[in-house]
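[1] sequence below, structure please.
(one chain, ligands or ions: 1)
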Amino acid sequence: MLLCFSSLAQNIPSRWDELVASDWPKAMKQSNRTCILPIGILEKHGPQGPIGSDLIHVREWAARATKIEYAVVFPDFFYGQINEARHQPGTFSLPRRLVLELLDSTCAEIGRNGFDKILIINKHGGNPELIRYFIQTQLERRRNYAVYFFDPKFDSTYSAKVAKMRKSDPKGDSHAGENETSTLLYLRPELVKLDSSKNESGENQKRLQLTDLYTAIWWYASYPNHYAGEGGKATKELGKLITDNVIAHLVAALKEVKADTKTLQLQKEFFDRVDKVGQDNQ
Ligand SMILES: [Zn+2]
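    As a prediction, this is how the structure comes out:
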C-alpha cells in the first residue's frame, strides 16, 4: 500500500519532546533535517493577556503549520530581550551575554542532533534586533547548519481585510492591543481577561520627544503600563483572520526552507574562502 507524505507526517509527533528516540531517523527524513525553534518571552501583556502570550502564539503556529508541512519543533524557548518590562511582575529577563550564549548553544545542539536547517519563529516585538544580530554572527565560525528567521511580508489584499475588521486606530495598536488580543482570543480564549482591558491605559504617554534619536527608555517613556493599544476591542474573528494568514505564510516558508540547498552550499563556499584568506597571502 502506498502512503502519501501527509499521512506519513501524521505518524510521528512534531514536538521534539514528544518524539520517541527510535523515531529520530524518521523525523529527520520527514522534516528534511529541518527544526523549528519557536521563540517567545515571559512578560506582562497589558491588563488582560497572559504573561506567556508570545510563547502561546509561536507554540500554536508551529503546531498548526507542522500538521500541514512536517518539521520537528523544539520545545518552548522563552529567553530573549525583555529589559524594558523589568518593572512589571512576571517578566523573565536574563543577562544579554547569557541570552546570546543560550541561543547559540541551543542551535549548536539542534545541529549536533542532525538538523542542518533551523527556522526561528518569533512573536516578541523586542526580539527581532537580537535575532538578526545572532544570525549575522553565524558567520563568525564555520557551522554545518543554517539558521533562518521567519519574517513574513503581508500582501495588500490581506491588509485591507484586516483594516476593515479592526475597531481601534492601527497607529496605536501594538503590544497587547486589538490585534494581539484578538489572536489570543482565537487561540486561547480561556486565558484572556477582556473585562480588565480598560483597567490601565494603553495610550502613548509621549513623555519623551526626541528627533532622529534612539534611546533605551523610549518604550517605557511611551508605554509605562507595558500596554499599547486597546485590547478590549479584540474579536475572535479578527484573530482567526490574522492567525490563518500567519500560518499560511509559515507553511510556505517551511516548504521553502525544506527545499533549500543553496544557503548551506553558499555558507560552505564562504567558510572555505575564509579559511583560504591567510594561505593566499602567505
Ligand atoms: Zn506579545
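
[2] what residue is smack in the middle of this structure?
    Centroid-nearest residue in the chain, with CA atoms, centre = their mean: residue 122, separated by 1.0 Å.

[3] which residues touch residue 11?
    By CB atoms under 8 Å, 6 or more residues apart in numbering, the contact set of residue 11 is residue 26. (C-beta placed from N, C-alpha, C; glycine too.)

[4] any idea how far it lies from residue 214?
    Counting by CB to CB, to the nearest Å, the gap from residue 11 to residue 214 is 49 Å.

[5] about what we covered before: what sits against the residue nearest to the centre of the chain?
    Contact analysis of residue 122 by CB under 8 Å, 6+ apart lists 38, 39, 40, 54, 58, 80, 128, 131, 149, 150.

[6] what bits of this protein have low per-residue confidence?
    Applying pLDDT under 70 to the chain picks out residues 1-10, 280-282.

[7] out of the contacts of residue 122, which end up buried?
    38, 39, 40, 54, 58, 80, 131, 149, 150 (16 or more other CB atoms under 10 Å).

[8] all strands for the protein, in order.
    34-39, 72-73, 117-122, 146-149 (DSSP state E).

[9] quick one on the thing from earlier: let me know the closest of the buried ones among the contacts of residue 122 to residue 255.
    residue 150 (12.3 Å; CB to CB).

[10] now the helices for the protein?
    Under the criterion DSSP state H, helices of the chain are mapped to 5-9, 24-31, 53-68, 96-112, 128-136, 156-165, 178-187, 218-222, 236-259, 262-280.

[11] got a markdown table for the ones you listed, with distance to the ion too?
    As requested, those are exported to a markdown table (distance: least, CB to the ion, whole Å):
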| stretch | distance to the ion |
| --- | --- |
| helix 5-9 | 29 |
| helix 24-31 | 27 |
| helix 53-68 | 4 |
| helix 96-112 | 17 |
| helix 128-136 | 12 |
| helix 156-165 | 17 |
| helix 178-187 | 5 |
| helix 218-222 | 13 |
| helix 236-259 | 13 |
| helix 262-280 | 29 |
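
[12] sorry, back to before: so which of the strands of the chain gets nearest the ion?
    With CB to the ion, the closest approach to the ion among these belongs to strand 117-122: 10.2 Å.

[13] from the ion, how far out is the nearest residue to residue 215 once chain neighbours are set aside?
    Computed as CB to CB, 6 or more residues apart in numbering, the closest residue to residue 215 that is not its neighbour in sequence is residue 208, at 7.6 Å. Distance from residue 208 to the ion, counting by CB to the ion, to the nearest Å: 22 Å.

[14] residue 208: how many residues sit nearby?
    Counted by other CB atoms under 10 Å, the residues lying close to residue 208 total 12.

[15] residue 253 reaches residue 152, doesn't it?
    Yes. Between residue 253 and residue 152 a contact is recorded at 7.1 Å, counting by CB atoms under 8 Å.
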